[in-house]
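K.L.:
have a look at this prediction, sequence included:
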Amino acid sequence: MIELTDVHKSFGKVEVLKGITASVEKGEVVCIIGPSGSGKSTILRCINGLESYDRGDIRVEGARVDRAAPSIVSIRTQVSMVFQRFNLFPHRTALENVIEGPVYVKKERRAEALERGRALLARVGLAEKAEVHPPQLSGGQQQRVAIARALAMQPKAILFDEPTSALDPELVGDVLSVMRKLADDGMTMVVVTHEMGFARDVADRVLFIDGGVIVEQGAAKSVLNQPQHARTQDFLRRVLHPL
Amino acid sequence: MQAFWRDTVEFLPILMHGVALTIIVTIGSLLLSTFLGLIWALMRVSGIGVLSGLSASLINVIRGIPIIVLLFYLYFVMPDLGVTLTALQAAILGLGIAYSAYQAENFRAGIEAIDKGQIEAAQAIGMGWWQTMRRVVLPQAIKIVLPPYGNVMIMMLKDSSQASTITVAELALQGKLIASSTFKNTSVFTLVALMYLTMSIPLILLVRHFEKRAGQK
């Protein structure tokens, strides 16, 4: 469903992605792990066309991702994105945030969008917060609204860019459990995360990225429990046993 | 004091004609400067090099020319180029253009104050540039922009008196005409000053209201 072939990307003189080749099948949950600055987020941003890439090829359901082409709108409606810092629209209520895309991009009827929006907020456990503005919500609640906003587009896949990194530790669980439910429902997900427990339990596959290349990939349990590569072993040791 | 009241009764009706023109010039140039300022600002943040460069140069040229020279140019030079404007048209156009530069910088600051993450979120749900502006950026930028916008309104009200230099008989010029024919300088100019102040006070209160609201967020 999502295919990356030899993707290269530089910011100025710094090459962040040095030939990434990977694919995500329908219904699969893929976690991308790796040290800060390794290019994990850039991969997601390239898939969604928030960044351009210099070389290689990214395809979503066979359509080439080109952020300058008109086709990018259709790709973005198929592949939603959830951001580290939620990026909700603070001047609109939770419900308005959720229906913004369906009503103004997909031109759905407002009444239908509202009904579905309410159902989605209920699904992420925030039915009673529909009329509340984001600044009045906790980080965890904001992120769940952001997930509902992503789901409202009825996407074929959702990209999560470190969805719990900006949250207080006690709020992480709520967001992860919503994500786990999504995975159980068969949603295709690509998740950049530092939550190794989530990756181990929920992901089908894990990609370990360092220095702009995929160092190791495979079934989640085998990469996380028996990493083959020294860099993966070193990274996991530092993440799991920071002291 | 009694003389002042007598003069007030006598001159007020004539000065009110001036007030009408002052208001027309102020509102006309306010609308024009808002419209042009918004265009310059959107060009500036468009991300298209040619447009943003053009807008930046325009703003600098406009900022670098005194309002009075701009008015003279429109009223006295344009006819030589085949474009004849009435004094009122030239005044509205001149003040509108002059203030568009300040409006543009104000609008740009408001637009750039919106978190980039929200713009990315809008793009990520498939919104185009204009839709992102209209649905996400501008509604929030307005709140930020309003207090300085109110100050511009006050400045424009007062600067509309510069239209007197190209024969628009607004409040200041009416005052000057009455004063020079009656020699009652004190009464007339006190009255003129009070009338400007009376018009400014509601605007000053409006700015205070905007500031309070922006502060609440």
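P.N.:
Cool, the structure landed.

K.L.:
for the longest helix seen in chain A, which helices and strands make contact with it?
P.N.:
Taking DSSP state H as the criterion, chain A has its longest helix at helix A:169-184. On a contact count with 3 or more C-beta pairs under 8 Å, 6 or more residues apart in numbering or on different chains; DSSP states H and E, helix A:169-184 meets helix A:139-152, strand A:188-192, helix A:196-202. C-betas here are computed from N, CA, C, even on glycine.

K.L.:
and those: which comes nearest residue A:218?
P.N.:
helix A:196-202 (12.1 Å; C-beta to C-beta).

K.L.:
before we move on, which element is residue B:175 in?
P.N.:
For residue B:175, the element it lies in under DSSP states H and E is helix B:171-182.

K.L.:
need the contact partners of that helix.
P.N.:
B:11, B:14-15, B:17-19, B:21-22, B:161, B:163-164, B:167, B:169, B:184-185, B:188-189, B:191-192, B:195-196 (C-beta atoms under 8 Å, 6 or more residues apart in numbering or on different chains).

K.L.:
out of the residues you listed, which sit inside strands?
P.N.:
Nothing among the contacts of helix B:171-182 maps onto strands, per DSSP state E.

K.L.:
for the longest helix of chain A, which positions count as buried?
P.N.:
By 16 or more other C-beta atoms under 10 Å in any protein chain shown, the buried positions in helix A:169-184 come out as A:171-172, A:174-176, A:178-179, A:182-183.

K.L.:
equivalent analysis for stretch A:67-86, please.
P.N.:
A:67, A:72-73, A:75-86.

K.L.:
which among the residues you listed gets closest to residue A:113?
P.N.:
Among these, residue A:77 lies closest to residue A:113 (C-beta to C-beta), at 13.7 Å.

K.L.:
can you check what pLDDT the model gives residue B:210?
P.N.:
Here the pLDDT value assigned to residue B:210 is 84.

K.L.:
and the one 3 residues further on, by the same measure?
P.N.:
If you check residue B:213, the pLDDT there is 79.

K.L.:
now do the phi/psi pair for it.
P.N.:
phi -70, psi -40 (degrees, to the nearest 10).

K.L.:
what does chain A put close to chain B?
P.N.:
When proximity is defined as C-beta under 8 Å from any C-beta of the partner chain, chain A approaches chain B at A:48-50, A:73-74, A:76-77, A:80-81, A:83, A:85, A:87-91, A:100-101, A:104-106, A:135, A:146, A:149, A:153.

K.L.:
go again using 6 Å as the cut-off
P.N.:
A:48, A:50, A:73, A:76-77, A:81, A:85, A:87, A:89, A:91, A:101, A:104-105, A:153 (C-beta under 6 Å from any C-beta of the partner chain).

K.L.:
make CSV out of those residues and add secondary structure, pLDDT and distance to residue B:143.
P.N.:
Listed next are the residues of chain A next to chain B as CSV, based on DSSP: H, G, I helix; E, B strand; the rest coil; pLDDT from 0 to 100; distance: C-beta to C-beta, whole Å:
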residue, secondary structure, pLDDT, distance to residue B:143
A:48, coil, 93, 29
A:50, coil, 93, 26
A:73, helix, 90, 29
A:76, helix, 92, 28
A:77, helix, 90, 30
A:81, strand, 94, 27
A:85, coil, 93, 21
A:87, coil, 94, 19
A:89, coil, 95, 13
A:91, coil, 93, 8
A:101, helix, 93, 23
A:104, helix, 94, 21
A:105, coil, 93, 24
A:153, coil, 93, 28
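
K.L.:
possible to save those residues as a markdown table with distance to residue A:159?
P.N.:
Formatted as a markdown table, those follow (distance: C-beta to C-beta, whole Å):
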| residue | distance to residue A:159 |
| --- | --- |
| A:48 | 6 |
| A:50 | 10 |
| A:73 | 16 |
| A:76 | 10 |
| A:77 | 13 |
| A:81 | 5 |
| A:85 | 15 |
| A:87 | 13 |
| A:89 | 19 |
| A:91 | 25 |
| A:101 | 15 |
| A:104 | 21 |
| A:105 | 17 |
| A:153 | 12 |
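
K.L.:
quick check: which element contains the residue positioned nearest the centre of chain A?
P.N.:
Most central in chain A under C-alpha atoms, centre = their mean is residue A:160, positioned 1.4 Å from the mean C-alpha point. Using DSSP H and E, the secondary-structure element containing residue A:160 is strand A:157-161.

K.L.:
pLDDT below threshold where in chain B?
P.N.:
For chain B, applying pLDDT under 70 flags the ranges B:216-217.

K.L.:
repeat the analysis, applying 80 as the threshold.
P.N.:
Low-confidence segments of chain B (pLDDT under 80): B:1, B:213-217.
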